[in-house]
Structure formats: C-alpha cells, structure tokens
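K.L.:
Return atomic coordinates for the entry below.
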Amino acid sequence: MATITVAASSLKPLGDRVLVKVLAQEEKTAGGILLPDTAKEKPQVGEVTAVGEGRITDKGDRLPLEVKVGDKVLYAKYAGTELKVAGEEYILLAEKDILAITL
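P.N.:
Purely as a prediction, here's the structure:
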C-alpha cells in the first residue's frame, strides 16, 4: 500500500479514474463474534471523494463519468491501487472497476 503525505482533497484523479475512501467493515459477525484481522474480507465498499474528467473515445470526445463525489460504491475485490492518505485508506480505481452505486 502506498502512503501519501498530502491531503486527500489535493488528489485529482486523471481520465476515467475515481478516488474512493474505503469504508470501515464490520468488526464482528451477526452472531456477535469478534473477527481477527486475518479473518476479515477485503473491503469492497467506499465513498467517492474525487473523480477524473472522463474517458476519451477513439474520436477524441470525452465521456463523463457516471459516478460523482459522495456516491457510495461497490467495487471489484482486487481492483485499483490502495493508498494511505493522512492515515485513512483510499483506493484509486478505473470507473470500469466500479460494480454498482449503492442507494
């Protein structure tokens, strides 16, 4: 995991990339059993904190992204680049790695 010393608000993703703050996962099961770190699954849910300007097509047109800042998203398990920014966990993803926007 890369560690960055600047504020997350100063990071601007390029192209079709999206910066997502990883949301904390459950510390215990529905039955109340505490999970050790080794038993926890890799998080796949986060909140979009910054977006790029969109993908450029073969014709040179720019397609805007479907996600926007503030959206809560579900993303592919092994996608993106993990970052630690000011002690918080983020992931930098291509928009195609976002599976859904949670409502």
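K.L.:
Just the element for the residue nearest the centre of the chain, please.
P.N.:
Centroid check for the chain by CA atoms, centre = their mean gives residue 20 as the closest residue, at 2.8 Å. Using DSSP states H and E, residue 20 maps to strand 17-22.
K.L.:
Identify the neighbouring strands of the next helix or strand after that strand in the sheet and state each direction.
P.N.:
Next in sequence after strand 17-22, counting helices and strands by DSSP H and E, comes strand 45-51. Sheet pairing of strand 45-51 (DSSP bridges) gives strand 17-22 (antiparallel), strand 72-75 (antiparallel).
K.L.:
from the ones you listed, which stretch is densest packed?
P.N.:
Highest mean neighbour count among those (mean count of other CB atoms under 10 Å): strand 17-22, with a mean of 22. Placement of C-beta: from N, CA and C, glycine included.
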